[in-house]
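Trainee: how would this look folded up:
(chains A, B, C and D)
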2 protein chains.
Amino acid sequence: MEEFAAVSGISRPTVSKYFNDPDSVRLSTRKKIEAALERYEYRPNIFAVNQNRKLTKTIGIVVPYLADPFFGELARNLEFYCVEAGFRPRLFSSQGQQDLENEALSSLQALKPAGVLLAPLGRKSDISAIEKFCQNVPTVLFDSNLPDVRQAYIGSNNSQFADLIVEYLCETGEPPCFFEMKTPANPNANRRRQGYVQAMERLGHEPCIVQAEGEGWDFEEISRREGARALQAKQFKTSTVLCSNDRMAIGLLTACYELNLGAGRGVNDDIRIAGQDNHPFSRYTCPPLTTVSQDYEAISKNAVNLLLYAINGGAYRQESQLYDGKLIIRQSA
Amino acid sequence: MEEFAAVSGISRPTVSKYFNDPDSVRLSTRKKIEAALERYEYRPNIFAVNQNRKLTKTIGIVVPYLADPFFGELARNLEFYCVEAGFRPRLFSSQGQQDLENEALSSLQALKPAGVLLAPLGRKSDISAIEKFCQNVPTVLFDSNLPDVRQAYIGSNNSQFADLIVEYLCETGEPPCFFEMKTPANPNANRRRQGYVQAMERLGHEPCIVQAEGEGWDFEEISRREGARALQAKQFKTSTVLCSNDRMAIGLLTACYELNLGAGRGVNDDIRIAGQDNHPFSRYTCPPLTTVSQDYEAISKNAVNLLLYAINGGAYRQESQLYDGKLIIRQSA
DNA sequence: GTGAAAATTTTGCGCGCGTAAAGTTTTAAA
DNA sequence: TTTAAAACTTTACGCGCGCAAAATTTTCAC
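Mentor: You can find the predicted model right below:
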């Protein structure tokens, strides 16, 4: 910057000011800088900038597993709203591992971000590390809440999800069984199960829960394998299955195909399958998946908004918003 | 670090040395530092570290579109091999936009990475920007080559892909038509088309190519819409369709479902559909997708290895490796 | 032409570290 | 015990920039 300022015929601090806000310098100066800029292609080093700035324009986004298109989509939305607000998003993925989640937070601390949007691993998260982090950096949790941390949270109203789709399924056919992971990664799954049970009881049906053994993020495979086992063992007491999430539903659809069971809501079909989330791929399964859509727009928009509020000094720790899902009726149920 | 060195009873440069290589200090010193570390939780600021180091331990990974699970999976593999080699990977996504690709490269320059693994946007890439970048930073291209840049490249032998699956499809049924985007994002698509044409001619069949109109990364939707149109207009001259990639195949499967066409290789099925890539979801489509698998392992492993070779001063610019695909036979064809 | 406000420059310090050179202490071998 | 090597500390400077205060210049209205 020193050298660039010299060839521009301007002092370094003025050039620095220009890069902070081009309108903050005299027009003639600005033109001199921009003329030099065309000839010399100088750009400030963003990390050196951040090191000194009190308030950075960086927002960190941390998701638990980026190879899951659900988080890819969510991250894309969040990035969009961050850019729109004039911030630079920086994306991290925990890849399902606690040490990587901690490392992401540690990297972020070093970046001095204005704020952080964190979708924690859940059960695998290092609660105390996250707690400490939140004390230093304005943080909004999303997707998965960490009740112990008592931090601002934006997410879905998971009990409403199950309520909504159980009601639909009961109205249009046999009441659904519930298919989930035995040891789910985050508390959403628990709330969905509870929502299912309550909705079933409210409608006068007996709940039927089937749980899949397995660890990790390979939901489709676990669900395909365990789903096939459950189907063969006739563990689903009705011909309708509500899955805890779309990825499990996708795996179960595959299991049905392989067992020669027709999935769908047609009169000739053997089993109805529904999911939850409106995963990017749920539109393209065969049959297309009936599901409850998360309000991606509202969640990402309001997560960013709440974070901006926090960045500007608002009292945000107690804030928490849950958004209702919308029923997406497709052919699978 | 100053303060932490003080409470450790050690000088700052020694502490710095410790963090660079814990074995480079005397054992008694090391224990003193590690004892203090347990009580005070100090960690060096990675960005400040990078600013001064001549050789950083950071490797940049840039992919064109992270919401595509194909790249999510590839990135996950690359990250793994980077970590294994003792480097810290940092992931960027261009989200299909040229300005974001340039910004990622600019951010990376500021990070002084030891090297960069770049999957360029392709047609949308800013060639001159990438050329300049490659002159300053050891860079290995992957997934999609940029012939003009004449840079080291690790990828798949795309003409072999088509050759392999065309032969299989011809042996087991009607010769395939080819379904692709009209304006594909990268040169792989062209090579796949050429491979298809050559294989067809070699086997004495007339090629039949159907192209889908549409821009962007929403391949499934484009393929579903345009695929349905082509099916209704009977543009596929045989009952077998080879798609340029798995995501298009997934969209086409959905189109078939919606048109009540049975997809698969069963005797009662109407149409056989195959893809290319072995996309993470291709296992779970209904029917599961027959495809040619990219050698994810070999590509990511060797891309990292070549980059490490370059980082250590090897002459790598001319290096270029293409890996053969493997036929994955499932139920769709 | 005068004066005050606005813009800019100068000066100086700081961020959180790496690193090189010179001086000091510790260690291990002779 | 002596001695040299190894490890360590001290000192000093640098990375690429932000930022604040004081000094200077420019601008503009009167």
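
Trainee: Can you get me a residue count around A:Lys182?
Mentor: 12 (other CB atoms under 10 Å in any protein chain shown). Heads up, the C-betas are built off the backbone N, CA and C, glycines and all.

Trainee: Revised request: answer the last question for A:Met248.
Mentor: 28.

Trainee: so where does it fall, helix or strand?
Mentor: Assigned by DSSP states H and E, A:Met248 belongs to helix A:246-258.

Trainee: CA atoms only for that helix, dumped as CSV, please.
Mentor: In CSV, the C-alpha atoms belonging to helix A:246-258 read as follows (Å, rounded to 0.1, in the frame of the first residue of the first chain):
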residue,chain,number,x,y,z
ASP,A,246,-35.8,-36.5,3.8
ARG,A,247,-32.5,-38.2,3.6
MET,A,248,-33.9,-41.2,5.5
ALA,A,249,-36.9,-41.1,3.3
ILE,A,250,-34.7,-41.3,0.2
GLY,A,251,-32.9,-44.3,1.6
LEU,A,252,-36.2,-45.9,2.4
LEU,A,253,-37.5,-45.3,-1.1
THR,A,254,-34.5,-47.2,-2.4
ALA,A,255,-35.2,-50.0,0.0
CYS,A,256,-38.7,-50.2,-1.3
TYR,A,257,-37.6,-50.3,-4.8
GLU,A,258,-35.2,-53.1,-4.1
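
Trainee: Which is the succeeding secondary structure element to that helix?
Mentor: Criterion used, DSSP H and E; the element after helix A:246-258 is strand A:272-274.

Trainee: ok, and what's touching that following strand?
Mentor: Contacting residues not belonging to strand A:272-274 are listed as A:165, A:169, A:173-174, A:176, A:239-243, A:249, A:252-253, A:256, A:263-265, A:289-291, A:332-333 [CB atoms under 8 Å, 6 or more residues apart in numbering or on different chains].

Trainee: Show the contacting residues for A:Ala230.
Mentor: By CB under 8 Å, 6+ apart, the residues touching A:Ala230 are A:Phe179, A:Val210, A:Ala212, A:Phe236.

Trainee: From these, pick the one nearest DNA strand C.
Mentor: Lowest distance from DNA strand C to those (CB to the nearest atom of the strand) belongs to A:Ala212, with 44.3 Å.

Trainee: State the distance from the nearest residue to the closest one once chain neighbours are set aside to A:Gly122.
Mentor: Spatial nearest neighbour of A:Ala212, excluding adjacent residues (CB to CB, 6 or more residues apart in numbering or on different chains): A:Glu226 at 3.5 Å. For A:Glu226, the distance to A:Gly122 (CB to CB, to the nearest Å) stands at 20 Å.

Trainee: and the two? which has more neighbours close in?
Mentor: Per other CB under 10 Å, whichever of A:Glu226 and A:Gly122 has more neighbours is A:Glu226, with 23 against 17.

Trainee: Let's verify that one: helix, strand, or coil?
Mentor: helix (DSSP: H, G, I helix; E, B strand; the rest coil).

Trainee: For the stretch 201-333 of chain A, which segments are assigned as strands?
Mentor: Here the stretch 201-333 of chain A has its strands, by DSSP state E, counting those that start in this stretch, at A:209-212, A:240-243, A:272-274, A:291-293, A:320-323, A:326-328.

Trainee: got it, and the stretch 51-200 of chain A?
Mentor: Using DSSP E, counting those that start in this stretch, strands in the stretch 51-200 of chain A cover A:58-63, A:88-93, A:115-118, A:139-142, A:153-156, A:177-181.

Trainee: Go through those strands and name the closest to DNA strand C.
Mentor: strand A:58-63 (14.9 Å).

Trainee: what lines up beside the closest one in the sheet?
Mentor: The pairing partners recorded for strand A:58-63 under DSSP bridges are strand A:88-93 (parallel), strand A:115-118 (parallel).

Trainee: Would you mind listing what in chain A touches DNA strand D?
Mentor: A:1, A:12-13, A:16, A:19-20, A:26, A:28, A:43-45, A:48-49, A:51-55 (CB under 7 Å from any atom of the strand).

Trainee: Now with 6 Å, please.
Mentor: Within reach of DNA strand D by CB under 6 Å from any atom of the strand, chain A has these residues: A:1, A:13, A:16, A:19-20, A:28, A:44-45, A:48-49, A:51-54.

Trainee: Of those, which are in range of chain B?
Mentor: Among those, the ones lying near chain B by CB under 8 Å from any CB of the partner chain are A:Asn45, A:Ala48, A:Gln51.

Trainee: before we move on, back to that, out of the contacts of A:Ala230, who's the most crowded?
Mentor: If you count neighbours using other CB under 10 Å, the busiest of these is A:Phe179, which has 28 neighbours.

Trainee: That residue against A:Cys208, yeah?
Mentor: No: the criterion here is CB atoms under 8 Å, and A:Phe179 misses it with A:Cys208 at 9.6 Å.

Trainee: overlap in contacts of these two?
Mentor: Residues touching both A:Phe179 and A:Cys208 (CB under 8 Å, 6+ apart): A:Phe236.

Trainee: In the stretch 201-333 of chain A, which residue sits closest to DNA strand C?
Mentor: For the stretch 201-333 of chain A, CB to the nearest atom of the strand, closest residue to DNA strand C: A:Ile311, 18.7 Å.

Trainee: so what pLDDT did that residue get?
Mentor: Looking at A:Ile311, its pLDDT is 89.

Trainee: Any idea how many residues pack against it?
Mentor: By the criterion of other CB under 10 Å, A:Ile311 has 19 neighbours.

Trainee: how near is it to A:Val304?
Mentor: Distance, A:Ile311 to A:Val304, using CB to CB: 10 Å.

Trainee: thinking again about what came up before, what's the angle from the helix holding A:Met248 to strand A:177-181?
Mentor: Computed by axes from the mean of the first three to the mean of the last three CA atoms, to 10 degrees, the angle separating helix A:246-258 from strand A:177-181 equals 110 degrees.

Trainee: Average pLDDT for helix A:246-258, rounded please.
Mentor: 97.

Trainee: Let me know whether it sits next to chain B.
Mentor: Yes: residues of helix A:246-258 contacting chain B under CB under 8 Å from any CB: A:Ile250, A:Gly251, A:Leu253, A:Thr254, A:Cys256, A:Tyr257.

Trainee: which helices and strands does that helix pack with?
Mentor: Here helix A:246-258 touches strand A:177-181, helix A:219-232, strand A:240-243, strand A:272-274, going by 3 or more CB pairs under 8 Å, 6 or more residues apart in numbering or on different chains; DSSP states H and E.

Trainee: now these in TSV, with mean pLDDT and distance to DNA strand C?
Mentor: Converted to TSV, these look like this (pLDDT from 0 to 100; distance: least, CB to the nearest atom of the strand, whole Å):
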stretch	mean pLDDT	distance to DNA strand C
strand A:177-181	97	40
helix A:219-232	97	39
strand A:240-243	98	46
strand A:272-274	98	50
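
Trainee: And these: which comes nearest A:Gly86?
Mentor: Ranking these by proximity to A:Gly86 (CB to CB) places helix A:219-232 first, at 36.5 Å.

Trainee: Only the buried residues of that closest one, if you could.
Mentor: Neighbour counts over helix A:219-232 (16 or more other CB atoms under 10 Å in any protein chain shown) mark A:Phe219, A:Glu220, A:Glu221, A:Ile222, A:Ser223, A:Arg224, A:Arg225, A:Glu226, A:Gly227, A:Ala228, A:Ala230, A:Leu231 as buried.
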